[in-house]
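Trainee: coords please:
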Amino acid sequence: MKKFKTVFSAFAVHSSQSGDLKLEAPRAKENRVNHDPRFYKSFLLSALATVGLSLLLPMTSAVAAPSDQACEARQNNSPDKLVECIRKDALWQHMIDFQAIGDANPGPDGHSSRNSGEPGYLASVNYVADIMRKAGYKVSIQTYPFNYGVYTSVPVMKQVSPTATNYVPGVDWTPVSPSQLSGTTHSVTAQIQAVGGIVIPATPTPTSHSGCSAADFVGFVPGRIALIQRGTCNFSVKVANAQAAGASGVIIFNEGNPGRTGTGAGSLGALVATIPVDVYSSFAVGANLYAQSLAGPTIITMNENVLNETRPDYNLIADSRFGDPNHIVIVDAHLDAIYGNGMLDNASGSSTILEVALKMKNTPTRNKLRFFWTGGEELGILGSFYYTENLSADELSKIVFDIDADVTATPNYVVAIANPANSPNAPDFPPNVVPASELGNQYFRDYFNSNGLPFVEFSNNGTDSFAFAFAGVPNTGILTGQDCCKTQDEVDIFGGYLGNYEGNIPSFDGGFVDRPFLWGDNLNNNDPNVLESTSKAFAYVVHKLANDVSLNPGAKHPNHSTKDSIIKGLEKKHGGNPHTEN
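Mentor: As a prediction, the model looks like this:
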């Protein structure tokens, strides 16, 4: 899910809010998956050569580190011991496995997928569940229904005549969300007709009211495809008026004012269309079609074939066998993808919390850790809201903190704390949330400052922590950026390039994560060095929250001899580490 960005730098304070997503045609980029970490240096090596490795990696000691197997077997009973055990190779192996799961489970459109409601997502759930059960966690899978909508083939918009032209979805135009189309098949070949209110050339500020009233459709010939300019009223009004006028399809194009030129994605709100809809094309595409339609008959084909039905989705919950069950720290990441494999968003975050869980499987803690992989985040934070809204008041009261990992391996990265105080919805959270969340935020700041690492602070909007905030649970998290656009201030702090955080770099085309029909958020859209560095910071904060006295002042220290003797007794009884029943 696209994250709202409010930035507070460790070095300077500034703020920015992204407006309409501007999507220009990207340069061609091969989507072949390369599993060699050496491939993922891209621009980062040159950036690090300029600003130094200290911007990415924490300070380390010269003492030989334990093996990964030793890390997993031992008690990592201090933040430093845990952090040294969070390593690139193990993290990257999870990423390779998630990519393989998506590749082995194509969606209805034939492309690799880990989207909710599809086999690749359930396979991802089973993959994590199997690992966590073997690690001794108590695993449960929560099922809930949701409205599944998908294109069953790649949508088509092409000009038949006078000039044969194929328009690329996600680049030249954007098909409407499948959930906003009724039925299954929407196909038409017809002449386009420009409706009233179009303003070309575009004015310096928005002035077009094209398609906003019935008067704009006077003289419109039923059966034609309506060509409509963006502006003044909602897209739903334009499409409803076009349907009332007998249009067989709708092409909406951007208005052409500064900042309103590229292809973007719009919503019809509550309207469910009965005809194919493009919402919306770039101004360049629209202006060209407008000129051609005035010169003579221009024939367009539109195909949008969809499936809409209720399907099950899944949350995966894995409880540690240690810690006070009446004081629970949630460690979450969404497991679902959008538009394909979803490797940056959010196999990266899922890998981060999975590796932290494995390295804490034998570590007693004051508070119980509950690792939580959510479904449906990309569709509106469905899994987290379902979980929090279906807890009893007593069970909800046991959750003392939430920490979220949502995008942790961005190539053209920033390092951002997800601070609920920066959310535009902060006034709507229960009053305890913002001040109590400072505990987790400060742990992140402490880690970055003690290691000489820069950071900024975003909001928690668009993350699973958002649902916990509304439930009254204090929260924090970490983000490394997605889509566009990295600012000059962020480049000054972290290095890299202006524009896309991921995807085509350097570029301002919007990246891969939130652009449909490009299927570009694969393994090669991640940087393993960023993944390791971010995961270390995350692990530090998890460990601190798991043992924070203020969250559970009445509990005994987890390393007291009484607890140790119980663990040793269980190990002796079972001939090894104790495992809970799953």
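Trainee: Give me the below-cutoff pLDDT ranges for the chain.
Mentor: Across the chain, the ranges flagged by pLDDT under 70 are 1-63, 555-582.
Trainee: hmm, try it at 50
Mentor: Low-confidence segments of the chain (pLDDT under 50): 4-54, 560-582.
Trainee: so where's the longest strand in it?
Mentor: strand 299-319 (DSSP state E).
Trainee: Which other helices and strands does that one contact?
Mentor: Helices and strands touching strand 299-319, by 3 or more C-beta pairs under 8 Å, 6 or more residues apart in numbering; DSSP states H and E, are helix 119-134, strand 138-151, strand 156-161, strand 185-194, strand 249-253, strand 367-374, helix 382-389. C-beta coordinates here come from the backbone N, C-alpha and C atoms, glycine included.
Trainee: The shortest one vs strand 299-319, what angle?
Mentor: When you say that, I think you mean strand 249-253. Relative orientation of strand 249-253 and strand 299-319, computed by axes from the mean of the first three to the mean of the last three C-alpha atoms, to 10 degrees: 80 degrees.
Trainee: OK, contacts around Asp68?
Mentor: Going by C-beta atoms under 8 Å, 6 or more residues apart in numbering, Asp68 touches 85, 87, 89-90.
Trainee: Which residues does the nearest residue in space to Met132 that is not next to it in sequence form beta bridges with?
Mentor: Spatial nearest neighbour of Met132, chain neighbours left out: Ala318 (4.2 Å); criterion: C-beta to C-beta, 6 or more residues apart in numbering. On the basis of DSSP bridges, Ala318 is bridged to Val139, Phe371.
Trainee: Ala318 is in contact with Arg370, isn't it?
Mentor: Yes: between Ala318 and Arg370 there is a contact under C-beta atoms under 8 Å: 7.2 Å.
Trainee: Neighbour count for the two, which is higher?
Mentor: Ala318 (26 against 21; other C-beta atoms under 10 Å).
Trainee: mind listing what that one touches?
Mentor: 128-129, 132, 137-140, 357, 370-373.
Trainee: Just confirm Asn504 is within a strand.
Mentor: No: counting by DSSP: H, G, I helix; E, B strand; the rest coil, Asn504 is not found in a strand; it is coil.
Trainee: hang on, the earlier thing: restricted to helices, list the contacts of Asp68.
Mentor: Under the assignment DSSP state H, the contacts of Asp68 contribute 89-90 to helices.
Trainee: Got a PyMOL select line for the buried ones in the contacts of Asp68?
Mentor: A single PyMOL command selects the buried members of these (16 or more other C-beta atoms under 10 Å):
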select buried, resi 85+87+90
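Trainee: Just send the contacts of Asp68 back as TSV, with distance to Gly149 too.
Mentor: Converted to TSV, these look like this (distance: C-beta to C-beta, whole Å):
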residue	distance to Gly149
Cys85	42
Arg87	39
Asp89	38
Ala90	36
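Trainee: Please parse this structure into its domains.
Mentor: The record's domain parsing of the chain by automatic domain parsing lists 8-13+29-137+320-571, 151-309.
Trainee: Please identify the deepest-packed of those domains.
Mentor: domain 8-13+29-137+320-571 (a mean of 21; mean count of other C-beta atoms under 10 Å).
Trainee: I'd like the contacts of Ala318 written out as a markdown table, with distance to Ala100 added.
Mentor: A markdown table is the format used below for the contacts of Ala318 (distance: C-beta to C-beta, whole Å):
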| residue | distance to Ala100 |
| --- | --- |
| Val128 | 14 |
| Ala129 | 17 |
| Met132 | 19 |
| Tyr137 | 23 |
| Lys138 | 27 |
| Val139 | 22 |
| Ser140 | 25 |
| Ala357 | 20 |
| Arg370 | 27 |
| Phe371 | 22 |
| Phe372 | 24 |
| Trp373 | 18 |
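Trainee: Name the nearest of the residues you listed relative to Val239.
Mentor: Trp373 (36.9 Å; C-beta to C-beta).
Trainee: Asn126 is in contact with the closest one, correct?
Mentor: No: assessed by C-beta under 8 Å, Trp373 is found out of contact with Asn126, at 11.3 Å.
Trainee: if I look at Gly554, how far off is Pro364?
Mentor: Counting by C-beta to C-beta, to the nearest Å, the separation of Gly554 from Pro364 is 16 Å.
Trainee: ugh, wrong one, Glu502
Mentor: 38 Å.
Trainee: cool, Gly102 as well?
Mentor: 36 Å.
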